[in-house]
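S.K.: Need coordinates for the following:
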Amino acid sequence: MTSDSIDLAVIGGTGLYALAELRDVQSHQPDTRYGAPSGPVRVGTLDGRRVAFLARHGEGHSVPPHKVNYRANLAALQALGATRVLALNTVGGIGARFGPRVLACPDQLIDYTWGRISTLCEEPGTEVLHVDFGDPYTPALRRQLLEAAAKRGIDLVDGGVYGATQGPRLETKAEIARMRRDGCDLVGMTGMPEAGLARELGLEYACLAIVANWAAGAGPDPDEQITLEDVLANVAAASAGIPALVSALLDG
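M.R.: Modelled structure (predicted):
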């Protein structure tokens, strides 16, 4: 590892469009063989370590989940030297442990998305990759994330199944009921194909899920209406400890 290498790349989701604690920030807009990423990659220092940050939906939240160029985003981070990726995903809670403002580190996922470019093997003539995806999140990076949370006294739920839906609309109560039967604890719109592509690219990848609301029909009030204001308020409250968590992860 050189002094210019990136120690960690962070991808921000809904409500997380910057990492304000970064210092000496430089902006990069690399073009990749898959096109342009969602926006500029901001590279700066946190506690003396170089960190890259990319807003998955663009810094103005202009890119919907099904239109994110996941391949370009990950390839851009890799081109800048990143080998570890921490994905911040704003999600809805399904399981009892996963209420609003909870932070979770899922260990499994189920993909309900469709029509997205989900592999590096899309173009004719590219190598066909059959990657092992039994554990969709890198176990070592998950362990480091959990240890970092414990070190900083941050509550982080260990485990859970992330269900990735198409979006951008939220799910129906019947869809959430099906996902609960399938074993899902969390629901989001950007977990796939991002995790699978990271595996194909050989990147270490883990998810830090930020629960913004109960999924439809899953909470104490099955008729509760989900508002953007509540979502953003819950994300802001739950994410307050993320800079400290990232700092501890860099020390791991």
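
S.K.: Could you pull out the strands in the stretch 101-250 of the chain for me?
M.R.: 103-105, 108-111, 157-158, 161-164, 186-188, 204-214 (DSSP state E, counting those that start in this stretch).

S.K.: Out of the ones you listed, indicate the one that is most buried.
M.R.: For these, average neighbour numbers computed from mean count of other CB atoms under 10 Å are highest in strand 186-188, which has a mean of 29. C-beta coordinates here come from the backbone N, C-alpha and C atoms, glycine included.

S.K.: just checking, what packs against it?
M.R.: Judged by 3 or more CB pairs under 8 Å, 6 or more residues apart in numbering; DSSP states H and E, strand 186-188 is in contact with strand 84-93, strand 161-164, strand 204-214.

S.K.: and with 6 Å instead?
M.R.: strand 84-93 (3 or more CB pairs under 6 Å, 6 or more residues apart in numbering; DSSP states H and E).

S.K.: hey, what's the residue nearest to residue 188 when sequence neighbours are not counted bridged with?
M.R.: Distances taken as CB to CB, 6 or more residues apart in numbering place residue 91 nearest to residue 188, at 4.0 Å, with adjacent residues excluded. For residue 91, the beta-bridge partners are residue 211 (DSSP bridges).

S.K.: ok, back up a step: now the strands of the stretch 101-250 of the chain in CSV, with mean pLDDT?
M.R.: Putting these into CSV (pLDDT from 0 to 100) gives the following:
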stretch, mean pLDDT
strand 103-105, 97
strand 108-111, 98
strand 157-158, 98
strand 161-164, 98
strand 186-188, 98
strand 204-214, 97
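
S.K.: among those strands, which is nearest residue 127?
M.R.: Nearest of these to residue 127, taken as CB to CB: strand 204-214 at 20.0 Å.

S.K.: before we move on, the earlier item: output the strands of the stretch 101-250 of the chain as CSV; include the columns distance to residue 221.
M.R.: Shown next, in CSV, are the strands of the stretch 101-250 of the chain (distance: least, CB to CB, whole Å):
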stretch, distance to residue 221
strand 103-105, 21
strand 108-111, 26
strand 157-158, 22
strand 161-164, 21
strand 186-188, 17
strand 204-214, 8
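
S.K.: so which of those strands gets nearest residue 10?
M.R.: strand 204-214 (8.9 Å).

S.K.: what comes into contact with the closest one?
M.R.: 84-93, 98, 100, 102, 104, 106, 137-138, 141-142, 145, 186, 195, 198, 226, 231, 234-235, 238-239 (CB atoms under 6 Å, 6 or more residues apart in numbering).

S.K.: can you list the weak-confidence ranges in this protein?
M.R.: Along the chain, segments meeting pLDDT under 70 span 1-4, 252.

S.K.: now the helices: where do they sit in it?
M.R.: 70-79, 139-151, 173-182, 194-201, 228-238, 242-251 (DSSP state H).

S.K.: list the helices and strands the fourth one packs on?
M.R.: The reference is to helix 194-201. Judged by 3+ CB pairs under 6 Å, 6+ apart, helix 194-201 is in contact with helix 70-79.

S.K.: List the contacts of the helix it packs on.
M.R.: Contacts of helix 70-79 (CB under 6 Å, 6+ apart): 9, 30, 32, 34-38, 41, 52, 54, 193-194, 197-198, 201.

S.K.: One more pass at 7 Å, please.
M.R.: With contact meaning CB atoms under 7 Å, 6 or more residues apart in numbering, helix 70-79 is reached by 9, 11, 30, 32-38, 41, 52, 54, 56, 85, 117, 120, 193-194, 197-198, 201, 203.

S.K.: Kindly report the same for stretch 225-234.
M.R.: Contacts with stretch 225-234, where a contact means CB under 7 Å, 6+ apart, come from 15, 100-101, 170, 212-213.

S.K.: farthest pair in those residues?
M.R.: It's 101 and 170 that sit farthest apart of these, by CB to CB, at 18.1 Å.

S.K.: mind listing what residue 217 touches?
M.R.: So residue 217 contacts 173, 176-177 (CB under 7 Å, 6+ apart).
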